[in-house]
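Trainee: I need the structure of the sequence given here:
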Amino acid sequence: MNKIWLIIQREFLNRVQKKSFLIATIVVPLIFPAIIGLLVFVSKQSEKNARKEVIHFVDESKTFLPDTSRFVFKPFVGSLDDAKRAFNDSEDFGLLYIPTYELSKPKGITLYTKINPSLDDVGNIEHLFEAQIKDMKMRRLNIDQKLLDSLKTNVNISTVKVSEGGQEKSSNSGILFGIGMAGGILMYMFIFIYGAQIMQGIIEEKTSKVVEVIVSSVRPFQLMMGKIIGLASVGLLQFLIWIILMSTLTFGVLGYFGIDPPQQQAMQQMAPEVAAQQAAVNSNVISGINEALNLPWAFILFNFLFYFLGGYLIYGALFAAVGSAVDSPAEAQQFMFPITIPLLISYMSLFMFILKDPHGTVSVWLSIIPFTSPIAMMGRIGFEVPLWQLVLSMVLLIAGFIFTTWVAGRIYRVGILMSGTKVNYKVLAKWFMQRG
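Mentor: All right, here's what the predicted structure looks like:
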């Protein structure tokens, strides 16, 4: 055990003291706020210097009411053919042709442009016509807009979980969905990234012959365990630093540019009665935030760390076995795909099954099977998983780590000293069955 601890220290300090670790740990959190700041700055400058595009229109229906919020609409007096010739000789954005149409089936409206317009440009014009046609239909039916607005009612259903003892506890499915999605995605990313680092590190030491010196004083299994746990601690430290720096810097950048929340921006542009309705919606948002603050974050964080370490150790052992068997990353590709299949299954199931039905049969089984439980359980953890399922999942995850470590150790002890051998699955099976 003492030798494993020394290897853990060596791997941890060797990685942490590298310039590449310091650069990645500091630079990566700076990249996201920098990108956000750059995009916000460019957006503000574009809005400041934006020039509205000019669209000429031929209106045979005599019903079109131009809206200059996005484009500058200029009427053209004359036929469509004359308008096309004038448009071709100009540098304007487009020509809009509006024939006489039926309100029930408006057809024939055409936008002529010299470049392919964006979906946003076309959608803006379509929404303009839809709103005007709606108003014309309402006038034809003698329906007042205020009457229609009074018929609109916002319904917000509050959810309350009732325990077996009859205790009631409020919940918010949107918040729980966000926790599950974020936890599952982070779990997938870090298990895959840091597992691959184990394989890469072992390949480098094997090809440089450093491992032959190390195994003269420690057993190959001890070396493998030390590497896995050492890199896990490095990944955990880096992950915590990233979360703290990225969240702090992102909010700082948004505050520097003085960006108001979307709800506040919308309320400033709304009529008083609509703003009152929005205020009621905002109160629900505030109550949702309060519910989020009352969630058992310590419990969620504990489970995230447990499943991160458990999943990392399982896949880290398998990646270590692959790294010990090959001489280059290119040779490892044929063995990596089968290892990552359970990760891909659980990641895709996160969106197809788990978040949609966290208590369904597929979701439950995926959260119990050790190879898929790290991602699947994090997708379910916010929805109050039954205690027996959580305990069973944890026990099987520990058992899965012991099993994969035993399998990987038998391959590692032979493969780490082999060099120049053409490896396939038959050779791996032979190394696994070999005694010694």
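Trainee: how close does M377 sit to G360?
Mentor: Distance, M377 to G360, by CB to CB, to the nearest Å: 14 Å. Placement of C-beta: from N, CA and C, glycine included.
Trainee: so between these two, which is more surrounded?
Mentor: Ranked by neighbour count (other CB atoms under 10 Å), M377 and G360 place M377 first, with 32 against 13.
Trainee: contact partners for the spatially most central residue of the chain?
Mentor: When CA atoms, centre = their mean is applied to the chain, the residue found nearest the centroid is I185 (6.0 Å). I185 makes contacts with Y347, L350, as judged by CB atoms under 8 Å, 6 or more residues apart in numbering.
Trainee: what does I229 give?
Mentor: Going by CB under 8 Å, 6+ apart, I229 touches I4, I8, E11, L313.
Trainee: L6 now?
Mentor: Counting by CB under 8 Å, 6+ apart, L6 touches G226.
Trainee: mind checking pLDDT for it?
Mentor: pLDDT for L6: 81.
Trainee: using the three-state scheme, assign it.
Mentor: Secondary structure, DSSP: H, G, I helix; E, B strand; the rest coil: L6 is helix.
Trainee: coming back round to it: tell me which of the contacts of I229 is nearest to L223?
Mentor: I4 (8.6 Å; CB to CB).
Trainee: quick one: the closest one from I115, how far?
Mentor: I4 sits 65 Å away from I115, going by CB to CB.
Trainee: more crowded one of the two?
Mentor: Per other CB under 10 Å, whichever of I4 and I115 has more neighbours is I4, with 20 against 7.
Trainee: reformat the contacts of I229 as JSON lines; add distance to I411.
Mentor: Below are the contacts of I229 laid out as JSON lines (distance: CB to CB, whole Å):
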{"residue": "I4", "distance to I411": "19"}
{"residue": "I8", "distance to I411": "21"}
{"residue": "E11", "distance to I411": "20"}
{"residue": "L313", "distance to I411": "16"}
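Trainee: and the furthest pair within those residues?
Mentor: Using CB to CB, the two most remote members of the contacts of I229 are E11 and L313, lying 14.0 Å apart.
Trainee: which residues of the stretch 51-200 of the chain fall in helices?
Mentor: Along the stretch 51-200 of the chain, the segments classed as helices by DSSP state H, counting those that start in this stretch run 80-88, 119-140, 145-151, 173-207.
Trainee: how about the longest one: buried residues?
Mentor: By neighbour count, with 16 or more other CB atoms under 10 Å as the criterion, the buried positions of helix 173-207 are 176-177, 179-181, 183-188, 190-192, 194-199, 201-203, 205-206.
Trainee: what is the distance between it and the centre of its chain?
Mentor: Here helix 173-207 is found 13 Å from its chain centre; the criterion is CA atoms, centre = their mean, to the nearest Å.
Trainee: where does this protein have low pLDDT?
Mentor: Residue ranges of the chain with pLDDT under 70: 1, 32-33, 46-50, 154-176, 209, 211-213, 215-216, 246-247, 249-295, 436.
Trainee: top helix in it by residue count?
Mentor: Identified as the longest helix of the chain according to DSSP state H is helix 220-256.
Trainee: packing partners for the helix or strand F337 falls within?
Mentor: F337 belongs to helix 329-349 when assigned by DSSP states H and E. Packing partners of helix 329-349 (3 or more CB pairs under 8 Å, 6 or more residues apart in numbering; DSSP states H and E): helix 173-207, helix 297-325, helix 361-368, helix 373-380.
Trainee: now those helices in TSV, with distance to M394?
Mentor: Listed next are those as TSV, based on distance: least, CB to CB, whole Å:
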stretch	distance to M394
helix 173-207	15
helix 297-325	7
helix 361-368	10
helix 373-380	8
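Trainee: of these, which is nearest W406?
Mentor: helix 297-325 (8.7 Å).
Trainee: pull out the buried residues from the closest one.
Mentor: Buried residues in helix 297-325 (16+ other CB under 10 Å): 303-304, 306-325.
Trainee: contacts only, for the nearest residue to Y307 once chain neighbours are set aside.
Mentor: Nearest residue to Y307, sequence neighbours excluded (CB to CB, 6 or more residues apart in numbering): P374, at 4.3 Å. Listed by CB under 8 Å, 6+ apart, the contact partners of P374 are M187, I191, Y307, F308, G310, G311, I314, S346, L397.
Trainee: kindly indicate which of those residues lies nearest F239.
Mentor: Closest to F239, out of all of those and judged by CB to CB, is F308, at 8.1 Å.
Trainee: mind listing what S90 touches?
Mentor: Contacts of S90 (CB under 8 Å, 6+ apart): H56.
Trainee: what's the spacing between it and S233?
Mentor: 66 Å.
Trainee: list the buried ones in stretch 353-373?
Mentor: Neighbour-count burial for stretch 353-373 [16+ other CB under 10 Å]: 353-355, 358, 363-364, 366-373.
Trainee: can you tell me which two in these are farthest apart?
Mentor: Once CB to CB is applied, those give L355 and P370 as the farthest pair, at 20.9 Å.
Trainee: if we take the buried residues of stretch 353-373, which one ends up nearest to E126?
Mentor: L355 (32.4 Å).
Trainee: tell me how far that closest one lies from L186.
Mentor: 14 Å.
Trainee: do the same with Q434
Mentor: 39 Å.
Trainee: got it, and F12?
Mentor: 21 Å.
Trainee: so how many other residues sit close to the closest residue to I368 other than its chain neighbours?
Mentor: Excluding the flanking residues, the one nearest I368 by CB to CB, 6+ apart is S393, at 5.0 Å. Neighbour count for S393, taken as other CB under 10 Å: 26.
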